[in-house]
Every structure is written in C-alpha cells, then in structure tokens.
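Trainee: task: produce atomic coordinates for the following.
(one chain, ligands or ions: 1)
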Amino acid sequence: MEVRAKKYLGQHFLKDENIARQIAESLTGSTKHVLEIGPGMGVLTKYLHANAELDFHAIEIDTESVVYLHDHYPTLHVIEGDFLALDLNELFCEPFAVIGNFPYNISSQILFKVYDNRNQIPEMVGMFQKEVAERVAAKPGSKTYGILSVLLTAFYDIEYLFTVHEHVFNPPPKVKSAVIRLRRNSTQALSCDEQLFTKVVKIGFNQRRKTLRNALKQLSMPLDKVPEPLLALRAEQLSVADFVTITQALESSVQ
Ligand code: SAH
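Mentor: Numbering: from 1, shown residues only. This is a model prediction of the structure:
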C-alpha cells in the first residue's frame, strides 16, 4: 500500500526490516533509558520495545500514528507531542539515548536540541538525509564541514554508519539517507566561554568564504591577541581546538 506523505511531518516510513533492526542494534547500550523520536508505524519501535532491559519511551506528533501504536503495542510508553517542545528534564531523571528515523524537515533543530542537552544525552543513533549526516560527520577542510559539525564534534565522537537507498521508504524521499551515531566524549566543558565559542563558530560559517579576520569584524572585539595564522584561514579550515584558541584570545583581549 502506498501511503501519502503528510509532508509537513516529514513522514517517510521505512519498509526494510533488516535496516530497521540494524538501526535499533546500533545503540551501544551506554544507558538503558531510550527515547525514540517519530516512531510512525513502529518499524524501529518494535525492536526497542521488545528489549525488556530498556526503559523505552517514544514521542510522536501524528495522532493517527499514536492511535496505531497504542493498538499494536499496548504497553508502549508513547507521548503524543512535538519533540522540539518536549521538556527533556521532565521525561527522564537519568541520562538517556535518542534514536529515530527522524523527520527530515526538523533535522537541524533536533541536532541543536541534542547539543543543548548534551549532558543528558550520552548517545544518539539516527537516520537523516545523507547530506545532513555527511555535514554532521564532516572533518575540517571539507566543503560540508559546518556549524553543526564543529559544535557536535566538540562534545561527541561522530560515526557515519551506513547509507540507505530511497527505495526502502514509503513514500520514497527525493534523496538518499544515512545513519550516524554520536557518542558523548569526555569533554565536560570547553576551556573558553562556550557562548562566545558558539557565536564565533556561527559567524565564521555564516560568511564561510571570508577569512576569519574579515568575518569576525562583526563581533566588534579586538582581534590583536588572535594568532595571525588562524585569522588568515576560513572557518571550514579550523578544528574545534582552533575555535577554542580564537575564543580564548578574544576573551583575553577584553579582560
Ligand atoms: N520511524 C518511522 C517514521 C519515520 S517518518 C519509520 O522509520 O518508519 C518521521 C516520523 O516523525 C513521522 O511518524 C512523523 O509523524 C514524526 N514527527 C514529525 N515531526 C515530529 C515532531 N516534531 N515530534 C515528534 N514526531 C514527529
């Protein structure tokens, strides 16, 4: 049966059981508390729900899917609502993993929410559009390296697990997909002002063709303490450590 996508909800249901199982099995078990975003008709859900060792919850915005899940998995904890509006502190007292074949229209917002709640989320396994997955997993020097790559790399080890072809979805999306895994690294805090760090990263990439010297003018902060060689580069050439160095230099110049 071909279903018509509720486009604004990013609904592309996975049909391939092997891929669904592979995604569910990609969680490393770092915590028994798990939240699935957008279970839809439950193709991933059933593998997670079947694992009695997990404290498993799912959040789904679409009423029709929620009714379906209640009917087919009566003991499943499914919250009807919007993940982006969910207060994560209320859901679990313990750190929890996030998993899903995510709604692609809100990919970046999901990733920023994971970043903002990084101390509560030790692990995330998820399917995104291939291009988004590549951006998140990109390393300095590549064209796809961007804001989310730097921010997430600062706190997570990121692995590109596998690519998924469009024909395994109903309805098929226009683009390929890919599954990535994020695992929290040991960095508790950056050795600089994290808000300023985020600002520097965003400003750098929003004008990614400019050198840092030109892009950072927008900050109206003295640049004289920032090492010359870094100012001559563009954001896409800098590592997390380079951005930390720049942020520290900016801080020291206003003290
Ligand atoms: N996991 C399922 C469905 C993937 S499609 C599968 O692999 O087949 C994405 C799902 O996310 C849809 O069920 C859609 O209704 C749901 N969704 C969309 N926006 C959401 C949001 N803001 N919060 C929670 N779920 C959302």
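Trainee: hey, let's count contacts and neighbours off CA atoms from now on
Mentor: OK.
Trainee: now residue 84, what's its secondary structure?
Mentor: Classification of residue 84 by DSSP: H, G, I helix; E, B strand; the rest coil places it in helix.
Trainee: if I look at it, what pLDDT would I see?
Mentor: Per-residue pLDDT puts residue 84 at 97.
Trainee: tally of neighbours for it?
Mentor: Here the count is done by other C-alpha atoms under 10 Å, and residue 84 has 13 residues near it.
Trainee: which residues touch it?
Mentor: 109-110, 113 (C-alpha atoms under 8 Å, 6 or more residues apart in numbering).
Trainee: now, of those residues, which are buried?
Mentor: In the contacts of residue 84, burial by neighbour count holds for residue 110, counting by 16 or more other C-alpha atoms under 10 Å.
Trainee: now, which of the contacts of residue 84 lie close to the ligand?
Mentor: For the ligand, no contacts are drawn from the contacts of residue 84 by C-alpha under 6 Å from any ligand atom.
Trainee: now flag whichever of the contacts of residue 84 is closest to residue 128.
Mentor: Nearest to residue 128, judged by C-alpha to C-alpha, of those is residue 110 at 10.5 Å.
Trainee: tell me which element that closest one falls in.
Mentor: Taking DSSP states H and E as the criterion, the element that holds residue 110 is helix 107-116.
Trainee: so which residue of the stretch 151-255 of the chain comes closest to the ligand?
Mentor: For the stretch 151-255 of the chain, the residue closest to the ligand is residue 169, as judged by C-alpha to the nearest ligand atom, at 7.5 Å.
Trainee: roughly how far is the helix or strand bottoming out on mean pLDDT in the chain from the heart of the chain?
Mentor: None of the helices or strands of the chain scores lower by mean pLDDT, DSSP states H and E than helix 88-91, at a mean of 89. Distance of helix 88-91 from the chain centroid (C-alpha atoms, centre = their mean, to the nearest Å) equals 18 Å.
Trainee: contact partners for residue 138?
Mentor: Residue 138 neighbours (C-alpha under 8 Å, 6+ apart): 144-146, 149.
Trainee: mind doing that once more with 6 Å?
Mentor: Listed by C-alpha atoms under 6 Å, 6 or more residues apart in numbering, the contact set of residue 138 reads residue 145.
Trainee: for this protein, what lies in contact range of the ligand?
Mentor: When proximity is defined as C-alpha under 6 Å from any ligand atom, the chain approaches the ligand at 9-14, 37-41, 43, 59-62, 81-84, 100-103.
Trainee: what are the phi and psi values for the closest residue to residue 210 other than its chain neighbours?
Mentor: Nearest residue to residue 210, sequence neighbours excluded (C-alpha to C-alpha, 6 or more residues apart in numbering): residue 234, at 6.0 Å. Backbone geometry at residue 234, expressed as degrees, to the nearest 10, gives phi -100, psi 160.
Trainee: burial count for residue 234?
Mentor: Burial of residue 234 is recorded as 20 neighbouring residues (other C-alpha under 10 Å).
Trainee: pretty sure it sits against residue 211.
Mentor: Yes: with contacts counted by C-alpha atoms under 6 Å, residue 234 reaches residue 211, the gap being 4.4 Å.
Trainee: okay, and the beta partners of residue 183?
Mentor: Using DSSP bridges, the beta-bridge partners of residue 183 come out as residue 123, residue 157.
Trainee: make sure it is actually in contact with residue 121.
Mentor: No: the criterion here is C-alpha under 6 Å, and residue 183 misses it with residue 121 at 8.6 Å.
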